[in-house]
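K.L.:
Provided below are the primary sequence and the corresponding predicted coordinates.
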Amino acid sequence: MITIRKSAERGHAHHGWLDTYHTFSFADYHDAAQMGWGPLRVINEDVVEPDCGFPTHGHRDMEIFTFILEGQLEHQDSMGNGNVIYPGDVQRMSAGRGVMHSEFNPSKTERVHLLQIWIEPAAANLTPSYEQKHFLPEERRGRLRLLASNDGRDGSVVIHQDAAIYASLLATDQRVSHSLAPGRRAYLQVAVGAVTLNGQSLSVGDGAKIQDEATLAIAAQGEAELLLFDLP
């Protein structure tokens, strides 16, 4: 079964410095029917204005995954990490028993466009940790490239949950497929362009809850970029 979440149905807030869309309930947006999908708790699509950002704030017991679509984002945290994240970079921060961090657009002229994902970990009170890796466009073009997993396989970053995150860059009419093990579910998020998922159409910003589907067939309807979550 595939349940499509249209882009226009998401929660939305515009704070001047931040234009943000919430797939699931977040901050002032609450929908009892949209509290997540399995351990996938947050997908926020954020556009941050130049020389602006999220001031220092705290998290705990959450796997926070940041994926940059355009621009750059500067990260600082209480573990001593200070990095700039660019398109193709994947940042994973395990908040564990507690961490403070800030995220800032260091550009004076360009916005940063990003997806921030939260996944509930399999255990509470983990030791906070941080990881960042770059995945070349060639690694994602025409295929599903594993970005995050619970065991770090294929050079992916490690998340503390039995979940896997894939990314793909597709040209017009390119196709990829993914098999779901029995009892697994998935979520597809279209970041750029439009695709079909098992024959159903999704446009930029759309997502889809997926369960009881053995095989996912994804075809691009033009240049497209997507994230796919394989979840318990």
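P.N.:
Cool, the structure landed. All values reported here derive from a predicted model rather than from experimental measurement. Numbering: from 1, shown residues only.

K.L.:
Could you pull up the residues touching the residue nearest to the spatial centre of the chain?
P.N.:
In the chain, the C-alpha nearest the mean C-alpha coordinate belongs to Ile117, at 4.2 Å (Cα atoms, centre = their mean). Neighbouring residues of Ile117 by Cβ atoms under 8 Å, 6 or more residues apart in numbering: Leu40, Val42, Ile43, Asn44, Ile64, Phe65, Thr66, Phe67, Ile165, Leu227, Phe229. Using the backbone N, CA and C atoms, a C-beta is placed for each residue, glycine as well.

K.L.:
Please apply the same query to Ile68.
P.N.:
Residues in contact with Ile68, defined by Cβ under 8 Å, 6+ apart, are Ile85, Tyr86, Pro87, Gly88, Asp89, Val112, His113, Leu114.

K.L.:
among the contacts of Ile117, which are in helices?
P.N.:
Per DSSP state H, helices hold no members of those.

K.L.:
residue boundaries of the helices in this protein?
P.N.:
Using DSSP H, the helices of the chain run over 137-140.

K.L.:
so where's it uncertain?
P.N.:
The model of the chain has no residue with pLDDT under 70.

K.L.:
Against Asp51, how distant is the residue located most distally from the centre of the chain?
P.N.:
Distance from the centre of the chain peaks at Lys108, with 25.3 Å (Cα atoms, centre = their mean). In this structure, Lys108 and Asp51 are 6 Å apart, going by Cβ to Cβ, to the nearest Å.

K.L.:
Can you pull the phi and psi angles for the residue farthest from the centre of the chain?
P.N.:
Dihedral pair for Lys108: phi -90, psi -10, per degrees, to the nearest 10.

K.L.:
re earlier: Leu216: which of the contacts of Ile68 is nearest?
P.N.:
Leu216 lies nearest to Gly88 out of the contacts of Ile68, by Cβ to Cβ, at 23.5 Å.

K.L.:
follow-up on the earlier one: keep only those of the contacts of Ile117 that are in strands.
P.N.:
Secondary structure assignment by DSSP state E places Leu40, Val42, Ile43, Asn44, Ile64, Phe65, Thr66, Phe67, Ile165, Leu227, Phe229 of those in strands.

K.L.:
For the fourth one, give me its contacts.
P.N.:
Residues counted as contacts of Asn44 (Cβ under 8 Å, 6+ apart) are Thr20, Tyr21, His22, Thr23, Phe26, Leu115, Gln116, Ile117.

K.L.:
Which one of those residues sits in the busiest neighbourhood?
P.N.:
For the contacts of Asn44, the largest number of neighbours (other Cβ atoms under 10 Å) sits with Thr23, at 27 neighbours.

K.L.:
quick one, phi psi at that residue?
P.N.:
Torsion angles at Thr23 (phi, psi; degrees, to the nearest 10) stand at phi -70, psi -40.

K.L.:
residues contacting Lys209?
P.N.:
Lys209 sits next to Ile2, Thr3, Arg5, Trp37, Arg185, Tyr187 when contact means Cβ under 8 Å, 6+ apart.
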